[in-house]
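*Asks:* Next one to model:
(one chain, ligands or ions: 2)
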Amino acid sequence: MMQRCLELARRALGRTSPNPMVGAVIVKDGEIVGEGFHPRAGEPHAEVFALKAAGELARGATIYVSLEPCNHYGRTPPCSEALIAAGVAMVVVGMVDPNPLVGGGGIDRLRAAGIEVVVGVEQAACEKLNEGFVHRILYHRPLGILKYAMTLDGKIATATGHSAWITSQAARSEVHQLRRACDAVIVGGNTVRQDNPRLTSHLEEVHNPLRVVMSRHLNLPESAHLWRTTDAPTLVLTEKDANPDFQALLRRQNVEVVELSPLTPEQAMVYFYERGFCNVLWECGGILAASAIASGSVQKVLAFIAPKIIGGSNAPTPVGDLGFTSMTEAMSLERVQVRAVDADFLIEGYLPHKS
Ligand SMILES: Nc1nc(O)c(N)c(N[C@@H]2O[C@H](COP(=O)(O)O)[C@@H](O)[C@H]2O)n1
Ligand SMILES: [Zn+2]
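*Replies:* Ligands and ions are numbered 1, 2, ... in the order given. Have a look, this model is predicted:
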């Protein structure tokens, strides 16, 4: 049942920030009598949709929910009270809500009303689904994910900058899915000039992230796929008073332009937090990636590795200079997972926590 909750929650993939993705299932006499998920912030929570679907059958039933029911008045009223009013007999919770406004209070309220509550069913899967939300709540920043594709000899392009394609179609499709789960995807000006990327999820009717270009001087092409805002929204982050003529050209095409002082990955993450984002994907070149890592703007790394060799001492690599001189300074990823994606490999892991 909790797996079903997660399946339901994923229907709103990429659309719920700053809220979490949550699914709920109500079971009576071994039958599912109501289901629901949280579609987006401002709309009712998963539990409320499930209660509505179950109607009177909720009385004496068990509800499974992937996140602790809330116990506060936010954009919506507390689900704990709705569950009590509906007369449910038992609540099975995937994970405790890290939001300090909830933080176990929903569970306590239900127990105080005489409802049996079981906590921690499929907890790891529930936490993984909402790792961006959890990070946002704990650290007041979105989760930064660095994704890159490189050859077996560690290059992200040839020395001329050609990079289409390093990995297989299957790996590229996984990247499209990943974008779908993110609130923003960031590149630097160089990537726009070299690759002219689209940065969309490449699927009809699924969520597209906000496409973000970080560019100090706005020395960018007048025509680029990213300026086609009918495909997906685009934001250009730049420095104060940079190239007003080019800013005007972008705005005429409905590209949002925001000036940050200073224009750094750190400031960008502060800005994205304030905008309500949970997951931010860095799909940039090595220089910006190194700066993002050094400033603590990356927590998770997804490295696609293709079994190809292209050589070239001037061919770019995924992470630029971090100033390390000794192997003892290497950042060793934690919770590492490796899997094959067609002919390529995906290594996923988390950078050691930086306070
Ligand atoms: N249990 C649960 N189910 C949902 O469907 C949810 N969206 C949440 N979210 C929790 O409540 C906070 C948002 O409240 P409002 O939507 O503003 O009323 C969110 O931060 C989570 O703590 N929980
Ligand atoms: Zn709620």
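*Asks:* Skipping adjacent residues, who's closest to the residue in the chain that ligand 1 sits nearest to in space?
*Replies:* The chain approaches ligand 1 most closely through Gly74 (2.7 Å), counting by Cβ to the nearest ligand atom. In short, each C-beta sits where N, CA and C put it, glycine included. Using Cβ to Cβ, 6 or more residues apart in numbering and skipping the chain neighbours, the partner closest in space to Gly74 is Leu101 (7.0 Å).
*Asks:* Which of the three states applies to that neighbour?
*Replies:* Of the three states, Leu101 takes coil according to DSSP: H, G, I helix; E, B strand; the rest coil.
*Asks:* Now do the strands in the stretch 151-300 of the chain.
*Replies:* Per DSSP state E, counting those that start in this stretch, the stretch 151-300 of the chain carries strands over the ranges 184-188, 210-214, 234-238, 256-259, 279-282, 300-306.
*Asks:* and the second one, what does it pack onto?
*Replies:* Using 3 or more Cβ pairs under 8 Å, 6 or more residues apart in numbering; DSSP states H and E as the contact test, the elements touching strand 210-214 are strand 184-188, helix 189-195, strand 234-238, helix 265-274.
*Asks:* what's the most buried one of the ones you listed?
*Replies:* Of all the helices and strands packed on strand 210-214, strand 184-188 has the most neighbours on average by mean count of other Cβ atoms under 10 Å, namely a mean of 25.
*Asks:* Format the CA atom coordinates belonging to it as CSV.
*Replies:* Taking C-alpha atoms only, strand 184-188 is exported to CSV below (Å, rounded to 0.1, in the frame of the first residue of the first chain):
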residue,chain,number,x,y,z
ALA,A,184,15.3,24.4,-12.4
VAL,A,185,18.2,23.3,-14.6
ILE,A,186,21.2,25.6,-14.8
VAL,A,187,23.9,26.1,-17.4
GLY,A,188,26.5,28.8,-18.0
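*Asks:* Just give the strands next to it in its sheet, each with its orientation.
*Replies:* strand 210-214 (parallel), strand 279-282 (parallel) (DSSP bridges).
*Asks:* pretty sure Ala157 contacts Ser163?
*Replies:* Yes: look at Ala157 against Ser163 with Cβ atoms under 8 Å: they come within range, at 3.8 Å.
*Asks:* re the thing from before, same list, the helices and strands packed on strand 210-214, but as CSV with distance to ligand 2 please.
*Replies:* Shown next, in CSV, are the helices and strands packed on strand 210-214 (distance: least, Cβ to the ion, whole Å):
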stretch, distance to ligand 2
strand 184-188, 26
helix 189-195, 40
strand 234-238, 30
helix 265-274, 22
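*Asks:* Select, out of the ones you listed, the one closest to Asp245.
*Replies:* strand 234-238 (12.7 Å; Cβ to Cβ).
*Asks:* Could I get the average pLDDT for the closest one?
*Replies:* Mean per-residue pLDDT for strand 234-238: 98.
*Asks:* So what are the sheet partners of that strand and their directions?
*Replies:* Strand 234-238 has these strand partners (DSSP bridges): strand 210-214 (parallel), strand 256-259 (parallel).
*Asks:* so which of those is the most packed in?
*Replies:* Comparing those by mean neighbour count (mean count of other Cβ under 10 Å), strand 210-214 ranks first with a mean of 25.
*Asks:* What separation is there between Arg339 and ligand 2?
*Replies:* From Arg339 across to ligand 2, the span is 35 Å (Cβ to the ion, to the nearest Å).
*Asks:* wait, His162
*Replies:* Taking Cβ to the ion, one finds His162 at 50 Å from ligand 2.
*Asks:* got it, and Ser291?
*Replies:* 39 Å.
*Asks:* I'd like the strands paired with strand 184-188 laid out as TSV, including distance to Ser297 and mean pLDDT.
*Replies:* As requested, these are exported to TSV (distance: least, Cβ to Cβ, whole Å; pLDDT from 0 to 100):
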stretch	distance to Ser297	mean pLDDT
strand 210-214	11	98
strand 279-282	7	98
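*Asks:* Output those in JSON lines; the columns should cover distance to ligand 1.
*Replies:* Output for these, formatted as JSON lines (distance: least, Cβ to the nearest ligand atom, whole Å):
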{"stretch": "strand 210-214", "distance to ligand 1": "20"}
{"stretch": "strand 279-282", "distance to ligand 1": "15"}
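*Asks:* what sits against the most centrally placed residue in the chain?
*Replies:* For the chain, Asn279 is the residue whose C-alpha lies nearest the centre (Cα atoms, centre = their mean; 2.7 Å). Contact analysis of Asn279 by Cβ atoms under 8 Å, 6 or more residues apart in numbering lists 14, 17, 132, 142-143, 145, 181-183.
*Asks:* hmm, back to that, how about TSV for the helices and strands packed on strand 210-214, with distance to ligand 1 added?
*Replies:* Formatted as TSV, the helices and strands packed on strand 210-214 follow (distance: least, Cβ to the nearest ligand atom, whole Å):
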stretch	distance to ligand 1
strand 184-188	19
helix 189-195	33
strand 234-238	24
helix 265-274	14
